[in-house]
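# what's the 3D shape of this:
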Amino acid sequence: MSPSRWVAPFITACIGGAFGGAVIGLFDQLGYTVGSVAIGASDLSMFPLLDGSHGWGVAALGYDCGLIVAYTVGFVVTWFFGFSPDRLAEPNSDNTVDAGLVPADDIPVGAEDRPTWCPPWPDPTATPADRESAVPDN
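Numbers count the residues shown, from 1 in each chain. You can find the predicted model right below:
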């Protein structure tokens, strides 16, 4: 996977953030300042840190409106411009496994049926003595 694969979705997410910031800026232009009392992540975890010129409720309303607009515009713009159809078809092709991250030729036969964290399948024809001898000593 090349890093250029994620440039378009990054830019479309930035466009969504710009629209959300414009909504919060509109609240400020209307006289309802929205801010926070500390630096935090700009998501739902920011709500306890909100403060504004007209109290917490108005600040939460302004922030919530900006957050919803940012997420919605970012999603819609990414949906239409973030990925090209050929890049979306690549992970869904028959020549890939694990959501297109691993070429099918690099996976041993039968390995695609189990998660990567599982140990190898036991031999169904092995006797209990064979299975005990196959366990490594730690």
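# CA only for contacts and neighbour counts going forward, please
Will do.
# I'd guessed G17 sits against T72; true?
No. With contacts defined as C-alpha atoms under 8 Å, G17 does not count as touching T72, sitting 9.7 Å away.
# which of those two has more residues huddled nearby?
G17 (20 against 17; other C-alpha atoms under 10 Å).
# state the distance from the closest residue to that one other than its chain neighbours to T12.
Once flanking residues are discounted, G17 sits nearest to A70: 4.8 Å by C-alpha to C-alpha, 6 or more residues apart in numbering. Per C-alpha to C-alpha, to the nearest Å, A70 is found 10 Å from T12.
# and what of M46?
For M46, the distance to T12 - C-alpha to C-alpha - is 22 Å.
# quick one: which of these two has more around it?
Between M46 and T12, counted using other C-alpha under 10 Å, the more crowded position is T12 (21 against 17).
# may I have stretch 33-44 as PDB, with CA atoms only?
Only the C-alpha atoms of stretch 33-44 are listed here, as PDB (Å, rounded to 0.1, in the frame of the first residue of the first chain):
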ATOM      1  CA  THR A  33     -18.500  32.100  21.600                       C
ATOM      2  CA  VAL A  34     -17.600  28.400  21.700                       C
ATOM      3  CA  GLY A  35     -14.300  27.400  23.300                       C
ATOM      4  CA  SER A  36     -12.700  25.000  25.700                       C
ATOM      5  CA  VAL A  37     -11.000  25.300  29.000                       C
ATOM      6  CA  ALA A  38      -8.100  22.900  28.000                       C
ATOM      7  CA  ILE A  39      -6.700  21.200  25.000                       C
ATOM      8  CA  GLY A  40      -8.400  18.000  24.100                       C
ATOM      9  CA  ALA A  41      -9.400  15.800  21.200                       C
ATOM     10  CA  SER A  42     -11.900  17.300  18.800                       C
ATOM     11  CA  ASP A  43     -14.600  14.700  19.200                       C
ATOM     12  CA  LEU A  44     -17.200  13.700  21.700                       C
END
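# return the set of buried residues in that stretch.
33-36 (16 or more other C-alpha atoms under 10 Å).
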